[in-house]
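**Student:** next comes the sequence, and after it the predicted model I'd like to discuss.
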Amino acid sequence: MNKKTITVFGSSLPKEGDEEFETAYQLGKLLAEQGFIVCSGGYRGIMHAVSKGSAEAGGEAIGITVDLWGAKPSEYLTKEIRCKTLFERISKLVETGDGFVILQGGTGTLLELAVVWELLNKNLLRRKPIACHSQMWKEIVAIMEKQIAKEKRLTGLVKTCDSVEEIINYLVSQTRSFDEKIQK
């Protein structure tokens, strides 16, 4: 069985010592320990933290970058894929992921979650697990699930989690479950 890649979305602002940074670092470490490859936007903040956690645990960290901000990619990347435009970058982040984790973030992270969610809801992407972490996402997902149900569309595509361990357990169980369905 091939190694699975988990794309992690989140804010570029947290710094080492911030709770959000430490959560992403722990996530990267645990993903690597479970044999997952980590993929992110490749720059600072949560992207840097998850890459650092993965690399320090002996894992791989892919960065999908775009040269719009003159930012330097994380030194913990084991592979960098450069894109020409922001939309090409988002498409590559989605295409690369066998599962997705959405950590604390702003409108960019909301856009990334919305893209993945909509592609799954419209059956334009094969079923892949999506896990969100933080109270903010719990509230947003709950509001959206009500609207999606009202529209009689597919609900339950996004799982909200309270801890990094819960995210890991969900991804491990779901990626195995999806593999079994594909093999049948």
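**Tutor:** Noted; the coordinates are in hand.
**Student:** the residue nearest to Ala57 when sequence neighbours are not counted is in what secondary structure piece?
**Tutor:** Computed as Cβ to Cβ, 6 or more residues apart in numbering, the closest residue to Ala57 that is not its neighbour in sequence is Ala32, at 3.8 Å. In this view, the C-beta of every residue, glycine as well, is placed from N, C-alpha and C. For Ala32, the host element (DSSP states H and E) is helix 19-33.
**Student:** one step back: roughly how far does the residue nearest to Ala57 sit from Thr78?
**Tutor:** Counting by Cβ to Cβ, to the nearest Å, the gap from Ala32 to Thr78 is 10 Å.
**Student:** where in the protein is the helix or strand with the lowest mean pLDDT?
**Tutor:** Comparing helices and strands within the chain by mean pLDDT, DSSP states H and E singles out helix 164-183 as the least confident, with a mean of 80.
**Student:** who are the contact partners of the residue nearest to Ala57?
**Tutor:** By Cβ atoms under 8 Å, 6 or more residues apart in numbering, the contact list for Ala32 reads 38, 53-55, 57-60.
**Student:** equivalent analysis for Gln26, please.
**Tutor:** Here Gln26 is in contact with 53, 164 (Cβ under 8 Å, 6+ apart).
**Student:** cutoff 6 Å now
**Tutor:** By Cβ atoms under 6 Å, 6 or more residues apart in numbering, the contact set of Gln26 is Val164.
**Student:** now swap in Glu80 and tell me
**Tutor:** Here Glu80 is in contact with 63, 65, 73 (Cβ under 6 Å, 6+ apart).
**Student:** where does the prediction get shaky in this structure?
**Tutor:** 1, 177-184 (pLDDT under 70).
**Student:** hmm, 80 instead?
**Tutor:** Within the chain, the segments meeting pLDDT under 80 span 1, 69, 176-184.
**Student:** could you pull out the strands in it for me?
**Tutor:** All strands of the chain, identified by DSSP state E, fall at 5-9, 37-40, 61-66, 79-83, 99-102, 130-133, 158-161.
**Student:** mind putting these into JSON lines with distance to Arg176?
**Tutor:** Formatted as JSON lines, those follow (distance: least, Cβ to Cβ, whole Å):
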{"stretch": "strand 5-9", "distance to Arg176": "13"}
{"stretch": "strand 37-40", "distance to Arg176": "16"}
{"stretch": "strand 61-66", "distance to Arg176": "21"}
{"stretch": "strand 79-83", "distance to Arg176": "25"}
{"stretch": "strand 99-102", "distance to Arg176": "11"}
{"stretch": "strand 130-133", "distance to Arg176": "15"}
{"stretch": "strand 158-161", "distance to Arg176": "15"}
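**Student:** mean neighbour count, those strands: which tops it?
**Tutor:** A comparison of the strands of the chain by mean neighbour count, using mean count of other Cβ atoms under 10 Å, puts strand 37-40 on top with a mean of 30.
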